[in-house]
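[1] Pasting a predicted model and its sequence here:
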Amino acid sequence: MTYSLKTQSLLLLLVAFFPFRAHAQEISIKSNLPSWFTATTNIGFEYAFGENISMELSAGINPFTKGDERRMEHWVVWPEVRYWMSDNFDGSFFGVHGVGGRYDIGGVKMPFNTLKGLRDNRYRGGAVGFGFSYGYKWFFSDSWAIEATAGFGFVRFSYDLYSLGKDSSKTGEDKKEYAGPSKAAISIVYTIR
């Protein structure tokens, strides 16, 4: 019996994490609150597999369009390995994260006149990158917490450029590299102990 490369990789990751089960095993479920303001449904899971190490996987999706002119369709994932300065899931942490996703965005006016091209064009493509982050978690009960995290990194965008409207046509394609903020979240967190 043969397995696909994706299946083999997933099985390898699952097996790799089982030996690290510790007596202080914890799992957190979280959601990034500011993402909901852009109609981006999101969820994250974090698993502690050492005294100061955890792994988080967060994802978000926005499948909505507003007519032929405006759209912010996208999906994104952020895997991250975190080193906690004290115990897992408590206080400060440093992380190394990846970011990847697909998008179809256009006809949108961005705050502070950033990304001016989004107002008059539509971008369809993908992004992949990595970065470093810092965050802090505040517990306000035994299981509930607020977590803030910000990251800086490098992302490569590849996209096709389209005109706006019902009969939009491809007008070009390009690739761009970006260095700057690559992760930002203020999350409500529920921890299963």
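    Thanks, I have the structure now.

[2] quick check, residue 118 in a helix?
    Yes: looking at residue 118 with DSSP: H, G, I helix; E, B strand; the rest coil, it is inside a helix.

[3] Okay, the closest residue to it other than its chain neighbours and residue 123: tell me how far apart.
    Among residues not flanking residue 118 along the chain, residue 108 sits closest, at 4.9 Å (Cβ to Cβ, 6 or more residues apart in numbering). Backbone N, C-alpha and C define where each C-beta goes, glycine included. Look at residue 108 and residue 123: by Cβ to Cβ, to the nearest Å, they are 10 Å apart.

[4] Show the pLDDT at the most centrally placed residue in the chain.
    Centroid-nearest residue in the chain: residue 78, 3.5 Å away (criterion: Cα atoms, centre = their mean). For residue 78, the pLDDT comes out at 93.

[5] I'd say it and residue 58 touch.
    Yes: with contact defined as Cβ atoms under 8 Å, residue 78 reaches residue 58; the gap is 4.7 Å.

[6] which residues of this protein fall in strands?
    Ranges of strands in the chain, per DSSP state E, are 27-32, 41-48, 53-62, 65-66, 70-84, 91-106, 122-139, 144-162, 170-192.

[7] pLDDT below threshold where in this protein?
    1-25, 67-68, 110-115 (pLDDT under 70).

[8] Please consider this matter closed, and thank you.
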